[in-house]
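1. test case, fold it:
(one chain, ligands or ions: 2)
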Amino acid sequence: MLWMGLHALLRPLWIRLILGQPHLAWEVTARPELVEFSLWVPRLVPPGLIERAVQASWPGASTVETSSDPISSMGRHGPGFIEVTQLVLAEREWFPIGTPGGDSLALALAGLTGLADGEAVAIQMLARPATSASRRRLRRAARSIRAGARFAWRAGRARDRQPVADPAIEGDVRAVLGKAASPQWSCSLRVAVSSPRKDWARGRIHGLAGGFAVFEGRNGFRRRRVPGGLHRMRARRLARSYLLSVPELAEIANLPESGAIAGLERAAAKTVPVPRDLPREGKVLGTADHNVGVERPAAISVEDARHHIHVIGETGTGKSTLLARLVLQDAEAGRSAVVIDPKGDLVNAVLVRLPEGAEERICVIDPEDKISAVGLDVLAGDDQDLVWITSSGCSRESTSPGGGPGPTMSCGRRASPSPGSGGPPWPRFQCC
Ligand SMILES: Nc1ncnc2c1ncn2[C@@H]1O[C@H](COP(=O)(O)OP(=O)(O)OP(=O)(O)O)[C@@H](O)[C@H]1O
Ligand SMILES: [Mg+2]
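-> Residues are numbered from 1 along each chain as shown. Ligands and ions are numbered 1, 2, ... in the order given. The predicted structure is shown next:
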């Protein structure tokens, strides 16, 4: 979806003639501690367009504008060896590469993991939207293939020839027409490795380039040396490009699935716009940034918060952090709150962040603290109904199994009156 949407960057003919057509660079850079996915965008591209396209393409993804250039910093940290390879098409550009689907990048991205200190890896895909003339060129090539011509530019001369009875021709024609069915991008793909040791650098670049073998189909990638390669990658000049259709480009310039790179998790949920009537004040739940460039607090009113709030999420999704923030907002506003935490991490998170002066108002009950034990009398209080309800979870059988005195306690059990006994609907309790 990203590359389909960004094809709209194609300028009208007269602007292209005067100002040229900008191209983009999809880059994946890895160092031992970090893997970065970035989209290099020239200043000519209107702000907000890329951000919206990214947000629409991947649920939960957001963009951060940065001035740092990870490719520029490659090889600049101490002595090292640089290997750069360009991946070019093995066959004519009108034949499609294989699009295996699924997580096709997994093999290539495996080359980004397990880097040693001082090693860095980069994959760079330069892409410029191609005009509809490129699709016409592909269709011309399909006609030429059917006509038996070897090269598309001979299509005119091949018109009079008889079709060759080659069983592969129909498949080729279909493949070329299939590629011509979607918008085209002029692309150039390079990979680079910098390493403190030459043999490591060569091993890594072999592994990385080998990862693109999964795109072998009617066409595929072959390696070609790039003299002054890293310099060219830093300059991001698009020369000697070839055509890739949107589905082909999307297979390569894509975010990987969760788990393709150790420690990489994709956002599971799609971001949604904030309802207009959601309060900005009260108990702030977070900052909504769904609309690109617009941030606003998303809050719940204090009255509503007293009713029903459930915070549900998998382990480590930030439940305690959110609850701690809500409790701290109560403490800052002078409201009272009760925190019951079986694990202890939430209480600790709240205690260390309490506003100044709040210690006076805090009471911490810790069941493990035997020195300052707190007694809780569930039967205390003037509200007899409340006492009755509270005590109904704790019954005391009036006689022991032997019929003698010796009372026993049983908790969490509510005895029902025996039929016909005429007794009260609730058991009597005599708790000591
Ligand atoms: N909004 C957030 N943005 C980024 N990181 C967050 C956010 N909220 C929480 N975290 C981080 O996520 C990690 C897990 O948070 P937290 O302990 O609150 O999760 P949890 O859902 O309570 O986990 P558990 O189920 O184990 O109790 C913490 O390191 C926390 O700093
Ligand atoms: Mg928690």
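
2. list the buried ones in stretch 113-130?
-> 115, 118-130 (16 or more other C-beta atoms under 10 Å). (C-beta placed from N, C-alpha, C; glycine too.)

3. now render these as a markdown table, adding secondary structure, pLDDT and distance to ligand 1.
-> Shown next, in a markdown table, are those (DSSP: H, G, I helix; E, B strand; the rest coil; pLDDT from 0 to 100; distance: C-beta to the nearest ligand atom, whole Å):
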| residue | secondary structure | pLDDT | distance to ligand 1 |
| --- | --- | --- | --- |
| 115 | coil | 84 | 24 |
| 118 | coil | 84 | 29 |
| 119 | coil | 87 | 28 |
| 120 | strand | 89 | 26 |
| 121 | strand | 91 | 27 |
| 122 | strand | 91 | 27 |
| 123 | strand | 93 | 27 |
| 124 | strand | 94 | 29 |
| 125 | strand | 94 | 29 |
| 126 | strand | 95 | 33 |
| 127 | strand | 94 | 32 |
| 128 | strand | 93 | 36 |
| 129 | strand | 93 | 35 |
| 130 | coil | 92 | 40 |
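
4. residues in the chain within reach of ligand 2, list them.
-> 319, 320 (C-beta under 5 Å from the ion).

5. returning to what we had before: what's the closest of the buried residues of stretch 113-130 to residue 314?
-> Minimum distance to residue 314 across the buried residues of stretch 113-130 is 29.3 Å, recorded for residue 115 (C-beta to C-beta).

6. the closest one touches residue 30, doesn't it?
-> Yes - between residue 115 and residue 30 there is a contact at 6.2 Å, judged by C-beta atoms under 8 Å.

7. nearest to ligand 2, of the buried residues of stretch 113-130?
-> residue 115 (32.7 Å; C-beta to the ion).

8. the nearest residue to that closest one once chain neighbours are set aside - how many residues pack around it?
-> The shortest distance from residue 115 to any residue other than its chain neighbours is 4.5 Å, reached at residue 32 (C-beta to C-beta, 6 or more residues apart in numbering). Look at residue 32: counted by other C-beta atoms under 10 Å, it has 13 neighbours.

9. what about stretch 49-66, how long is it end to end?
-> This stretch, stretch 49-66, spans 16 Å end to end (C-alpha to C-alpha, to the nearest Å).

10. ok, now stretch 290-297?
-> OK, stretch 290-297 end separation, C-alpha to C-alpha: 11 Å.

11. now do the helices in the stretch 51-200 of the chain.
-> For the stretch 51-200 of the chain, the helices defined by DSSP state H, counting those that start in this stretch occupy 106-110, 132-147, 155-158, 167-180, 198-210.

12. weakest of those helices by average pLDDT?
-> By mean pLDDT, the lowest-scoring of the helices of the stretch 51-200 of the chain turns out to be helix 155-158, with a mean of 48.

13. backbone phi and psi for the residue nearest to residue 219 when sequence neighbours are not counted, please?
-> Nearest in space to residue 219, with sequence neighbours left out and distances taken as C-beta to C-beta, 6+ apart, is residue 95 at 4.1 Å. Note on residue 95: its backbone torsions stand at phi -90, psi 130 [degrees, to the nearest 10].

14. correct me, but residue 95 touches residue 176?
-> Yes - at 6.5 Å, residue 95 counts as touching residue 176 under the criterion of C-beta under 8 Å.

15. which one's more surrounded, the two?
-> residue 176 (25 against 19).

16. residues contacting the nearest residue to the more buried one once chain neighbours are set aside?
-> Once flanking residues are discounted, residue 176 sits nearest to residue 142: 4.2 Å by C-beta to C-beta, 6+ apart. Residue 142 sits next to 94, 172, 173, 176, 177, 180 when contact means C-beta atoms under 8 Å, 6 or more residues apart in numbering.

17. can I see the domain layout of the chain?
-> Structural domains assigned to the chain are 2-130+183-252, 310-361, 384-400+408-431, following automatic domain parsing.

18. which pLDDT value goes with residue 300?
-> Residue 300 is given a pLDDT of 92.
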